[in-house]
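[1] how would this look folded up:
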Amino acid sequence: MSEERPSRAEAAAHRIALSQAAQRHESVAAQRLIDDFLRTVRERGHPPEPLVARLLSGATVRTDKEGWYLRQNRSLAIGTDGGYYVLTVPGGLTTRIRGVRLQPTPPPLQVGRGGRDGETGDLKEFLALTLERLAAR
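    Residues are numbered from 1 along each chain as shown. You can find the predicted model right below:
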């Protein structure tokens with residue numbers, strides 16, 4: 001007896017499900033690193049600062065969060081709530097006036113995957129560099 005092969009749609013759905021499961025697993029591991037970072041930053045007494053986002057137009061806007069910037073260009077941050085925030089947001093004049101409510105995104109283990117050199121790396125390294133910058137203040 002021969003087994004029936006799954007249809008293309010079934011195979012595609014299976015690949016999507018596997019990819020989503022891998023992303024969830026990665027985010028859980030990344031969140032553990034973030035939780036360790038939060039414990040360390042609080043133990044060392046490094047206060048958070050108000051997070052500022054950048055609109056696609058380049059203008060900056062205030063946000064409803066405080067935290068610590070991961071990148072020197074201030075495009076990523078860890079919030080005091082443990083959220084991983086991408087600080088480039090859509091919006092226009094209304095957003096500039098009212099500010100923006102940030103929503104956390106699932107944290108990756110590899111920051112900036114697919115980005116330019118110098119903008120990518122392990123989350124663990126970005127967190128360590130952030131702690132070094134905070135200690136140097």
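[2] centre of the chain to the lengthiest helix in the chain, how far?
    Scanning the chain for the longest helix, with DSSP state H as the assignment, gives helix 8-43. In terms of CA atoms, centre = their mean, to the nearest Å, the centre of helix 8-43 is found 12 Å from the chain centre.
[3] tell me what that helix is packed against?
    strand 76-79, helix 123-136 (3 or more CB pairs under 8 Å, 6 or more residues apart in numbering; DSSP states H and E). C-betas here are computed from N, CA, C, even on glycine.
[4] for those, which one sits closest to residue 45?
    helix 123-136 (9.5 Å; CB to CB).
[5] low pLDDT regions in the protein?
    For the chain, applying pLDDT under 70 flags the ranges 1-3, 22, 113-118.
[6] quick check, residue 74 in a helix?
    No - applying DSSP: H, G, I helix; E, B strand; the rest coil, one finds residue 74 to be coil, outside a helix.
[7] with adjacent residues omitted, what lies nearest to it?
    Using CB to CB, 6 or more residues apart in numbering and skipping residues adjacent in sequence, the residue nearest residue 74 is residue 87, 6.3 Å away.
[8] any idea how far the one you found is from residue 79?
    11 Å (CB to CB, to the nearest Å).
[9] re earlier: isn't the residue nearest to residue 74 up against residue 52?
    Yes - the pair residue 87 and residue 52 passes the contact test of CB atoms under 8 Å, sitting 7.2 Å apart.
[10] contacting residues for residue 41?
    Going by CB atoms under 8 Å, 6 or more residues apart in numbering, residue 41 touches 68, 131, 134.
[11] now swap in residue 62 and tell me
    50, 52-53, 99-100.
[12] of the residues you listed, grab the buried ones for ChimeraX.
    Buried subset of these, written as a ChimeraX selection, criterion 16 or more other CB atoms under 10 Å:
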select :52,53,100
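[13] which one of the contacts of residue 62 is nearest residue 109?
    When the contacts of residue 62 are compared against residue 109 (criterion: CB to CB), the nearest one is residue 53, at 23.4 Å.
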